[in-house]
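K.L.:
Structure, please.
(chains A and B)
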Amino acid sequence: MKTLGALSRALKNISRRKIRTLLVVVALGFSIAIMVSIPAGIMANQEFMQRITENFAKTITTMQEEINKTATLIECSTTPNRGMQTLRPGGFFGGFSQTFVDETIVDEIRSIEGVKNVIPFLEKSSSENISETINTPWGSRTVYRPAYTIIGVCLNATIIANYPILPTNITAGENLSEGDSGFILISSNLTSYFGANVGDAVEINGERFVVKGIFESSSQQRTIYMNISDAQRVTGLAGKISRLYVYVSDASLATQVADVIKTMYPELYVTSYQDRLANLQHMQEMYTQTLSNAESSIAQAQATATHIIIIAVAAAALIVFFVMLYSVRERTREIGILKAIGFSNWNVMSQFMIEGMLIGLIGGVAGILIGSIAAPFFSSFLLPQLNLFGGTQRLQRPFQTQYPGIIGTQSYSTVVLTPQFILLALCAAAVLGALGSLYPAWRASRISPIEALRYE
Amino acid sequence: MSELVLETEKLDKIYKLGGRIIRALSNINLKVEKGDFVSIMGPSGSGKTTLLNVLGCLDRPTSGKVILDGVDVTALPEKELYKIRRYKVGFVFQTFNLLPYLSALENVELPMEGTGKSKREMRERARELLKLVGLAEREDHKPFRLSAGEQQRVAIARALANNPSIVLADEPTGNLDAKTKYEIVRLLGKLNAEQGTTIVMVTHDGAVASHARRVLFLSDGKLLAKEKMGLLAKEKLVCPACGREVQADHAFCPHCGRKL
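P.N.:
Below you'll find the model as predicted:
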């Protein structure tokens, strides 16, 4: 009965000083929001890193398998190789100056001993650019890139049947086939750019092509496949090519043939099976390095977090402390009355402690509300080390640009308050409220009733 | 009227104020029997409030004894005194001292907290007491919505909450206008006459003091030997106009209607 009465009086007292309560609750709310947001932020980052590590392991395995399948392939390109992109024809999306070589080298390379087949490609990015807005929680960035890239392929039935030169994931219409001229295969995200579907005509550099098929592609791939002779004509690069797939008759000859090509055509960037393996290894090393940087950043963040949490805890306790101290002073007369009508020291003390706990709890609820909205902001603002995957600083770019396949579409770590955090916050708030009001309540209990009753 | 409720023996209270020794109470020997209504009259500074605070265990005497209901409360440790204040004493203050954020009913319930009564019992008792002091209709009002006289009635009801052995009233009419102060003192008289409540009231107002059974005089911390009989002590109260019997709480004679 006593506790219930004290609780109801505490509630009445809190509610009759609305402005003060509001200020205290907001201040406490922020302290508690910081207390819960930071561990939540660290946990979210750790989980995210775990996920990336797992994805990376899978990606490496897949790449390893792909590389193993291409032991007889030597890739020659007029532009520098970018990691594993060459394993996916059309994976390039421009961004650097393009150079071309005469297609006569196809026959020259074919005549090298050990070469089984040579497949030429012509890749040319459009001169029109598109702007893309990338939204991040920190604002948006605009990037410009070519509207599309034309890839001219050698439409020969034997080559199409035996080598992976065309995309396989056709979603509408048909794939290109031998001798197709005036037809194109476009990536799915170009349909809206051209406003064209299967069977429609599209104008490229003044020439009309009919869309024969559409293939499913990643968001960054904006590619048009066409017959290499059409590509040479429409781009004005007659007799030119930009890339070659050289297949050797035996995997053991690959390095040797690659060396010959490198000597004969120093202008070409030559990548053999060994080079790809080395690339993969290099990538693995870089990734490991980045990851260990990230880990040390998180460790550093944890150390900072401990300090910030201690400050937040102290701030919360101090807020309650001063408010309750003030309240005791303000209500000295009330304490005198309570004592005069038979309240014990403990009754008076518990009255004020209940009030402190209640203020703490209300602050805790406010903290959870603030935290659930602003947790990602708090954790990354107070701990910039944590902006590994979410912010614009630090490690985010290397991760996103080097390993787009690994980070994937989930490029931001999400900081959420789990039920455990909410429960923890409420308990912490109540404990802090009780702790903060301990001394003021004790002081209240010690006040002499006579002096208290004289207090005006 | 033979059982002693309150007795003091050679009560002294000495303050030290900046090197000066102030003898607030000096050799007070007071006896209050059950059912008595004692007024202690004296000018301000005579030690009335100090005496009441010592009697009510809010303050300790420098020497001497206070025996309340057979218990020497001066020998009790500090931490036991709250029980005496809770169960044995009911305080009525000059400034009412109600908690402003509680309703009349809640103010009366307050001393009953922690006495083992259920919420319902507390509520019933508080209602009964408010009815007794004539405020049954105003139980939900907060103090600021009550007149001064009504607030003092609530305070009296609160003092009676735990059925104390004695009610100590410190200038209960000091903050009231002329009309209201007689209402309050008549209410105290009625409680004494009808409920048998033992009351010690201190006041500087002779007219108010005279409504008790006995009037004692305090001067410079000493209880004077003279004692006056109050109105309540007279066998019968009669209307001075018509000579017929009236009650202590009557403001007007029920027979002739004259103001008493």
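K.L.:
And for residue A:79, the neighbour number?
P.N.:
By the criterion of other C-beta atoms under 10 Å in any protein chain shown, residue A:79 has 18 neighbours. In this view, the C-beta of every residue, glycine as well, is placed from N, C-alpha and C.
K.L.:
how much space between it and chain B?
P.N.:
Using C-beta to the nearest C-beta, to the nearest Å, residue A:79 is found at 80 Å from chain B.
K.L.:
which SS class is the one residue in chain A that gets nearest to chain B?
P.N.:
Using C-beta to the nearest C-beta, residue A:342 is the residue of chain A that sits closest to chain B, at 2.5 Å. Of the three states, residue A:342 takes coil according to DSSP: H, G, I helix; E, B strand; the rest coil.
K.L.:
Report how many residues lie close to it.
P.N.:
Residue A:342 has 28 nearby residues by other C-beta under 10 Å.
K.L.:
So which elements touch the strand ranked longest in chain A?
P.N.:
Secondary structure of chain A per DSSP state E: the longest strand is strand A:115-125. Under the contact criterion of 3 or more C-beta pairs under 8 Å, 6 or more residues apart in numbering or on different chains; DSSP states H and E, strand A:115-125 touches helix A:104-110, strand A:149-153, helix A:228-234, strand A:240-241, strand A:243-248.
K.L.:
Nearest spatial neighbour of residue B:202, chain-adjacent residues omitted?
P.N.:
Using C-beta to C-beta, 6 or more residues apart in numbering or on different chains and skipping residues adjacent in sequence, the residue nearest residue B:202 is residue B:48, 3.8 Å away.
K.L.:
same question, residue B:25
P.N.:
Spatial nearest neighbour of residue B:25, chain neighbours left out: residue B:13 (3.9 Å); criterion: C-beta to C-beta, 6+ apart.
K.L.:
contact partners of the strand or helix carrying that neighbour?
P.N.:
Here residue B:13 sits within strand B:4-17, counting by DSSP states H and E. Contact with strand B:4-17 is made by B:21-34, B:36, B:47, B:50-51, B:54-55, B:59, B:61-70, B:165-166, B:198, B:200, B:221, as judged by C-beta atoms under 8 Å, 6 or more residues apart in numbering or on different chains.
K.L.:
residues contacting the residue nearest to the spatial centre of chain B?
P.N.:
When C-alpha atoms, centre = their mean is applied to chain B, the residue found nearest the centroid is residue B:169 (2.7 Å). By C-beta under 8 Å, 6+ apart, residue B:169 lies in contact with B:91-92, B:159, B:188, B:199-202.
K.L.:
Mind picking the two most distant members of those residues?
P.N.:
B:159 and B:202 (14.4 Å; C-beta to C-beta).
K.L.:
Tell me the buried residues in the strand holding residue B:13?
P.N.:
In terms of neighbour count (16 or more other C-beta atoms under 10 Å in any protein chain shown), strand B:4-17 has its buried residues at B:5-9, B:11-13.
K.L.:
With stretch B:225-234 instead?
P.N.:
Neighbour-count burial for stretch B:225-234 flags B:230-232 (criterion: 16+ other C-beta under 10 Å).
K.L.:
what's the answer for stretch A:231-248, then?
P.N.:
So for stretch A:231-248, counting by 16+ other C-beta under 10 Å, buried means A:231-235, A:237, A:240-248.
K.L.:
Could I get the average pLDDT for that stretch?
P.N.:
Taken as a whole, stretch A:231-248 has a mean pLDDT of 90.
K.L.:
buried set for stretch A:207-227?
P.N.:
Neighbour counts over stretch A:207-227 (16+ other C-beta under 10 Å) mark A:209, A:211-215, A:217, A:221-227 as buried.
K.L.:
Redo those residues as a markdown table? Include secondary structure and pLDDT.
P.N.:
Converted to a markdown table, the buried residues of stretch A:207-227 look like this (DSSP: H, G, I helix; E, B strand; the rest coil; pLDDT from 0 to 100):
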| residue | secondary structure | pLDDT |
| --- | --- | --- |
| A:209 | strand | 92 |
| A:211 | strand | 92 |
| A:212 | strand | 92 |
| A:213 | strand | 92 |
| A:214 | strand | 92 |
| A:215 | strand | 91 |
| A:217 | coil | 79 |
| A:221 | coil | 77 |
| A:222 | coil | 86 |
| A:223 | strand | 90 |
| A:224 | strand | 92 |
| A:225 | strand | 93 |
| A:226 | strand | 94 |
| A:227 | strand | 93 |
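K.L.:
which SSE is the residue of chain B found nearest chain A in?
P.N.:
Per C-beta to the nearest C-beta, residue B:86 is where chain B lies closest to chain A, at 2.5 Å. Element membership for residue B:86, per DSSP H and E: helix B:78-87.
K.L.:
Let's see the pLDDT reported for residue 86.
P.N.:
No chain specified, so I'll use chain A. Looking at residue A:86, the pLDDT reads 38.
K.L.:
that's the wrong chain, I meant chain B
P.N.:
Residue B:86 is assigned a predicted lDDT (pLDDT) of 94.
K.L.:
And residue B:236, by the same measure?
P.N.:
pLDDT, residue B:236: 58.
K.L.:
what does residue A:203 give?
P.N.:
For residue A:203, pLDDT reads 88.
K.L.:
One more: residue A:439?
P.N.:
93.
K.L.:
Spatially nearest residue to residue A:338, not counting backbone neighbours?
P.N.:
residue A:348 is the one closest to residue A:338 (C-beta to C-beta, 6+ apart), at 5.8 Å.
K.L.:
Double-check that that neighbour belongs to a strand.
P.N.:
No: when classified by three-state DSSP, residue A:348 is found to be helix rather than part of a strand.
K.L.:
Distance check, it against residue A:337.
P.N.:
11 Å (C-beta to C-beta, to the nearest Å).
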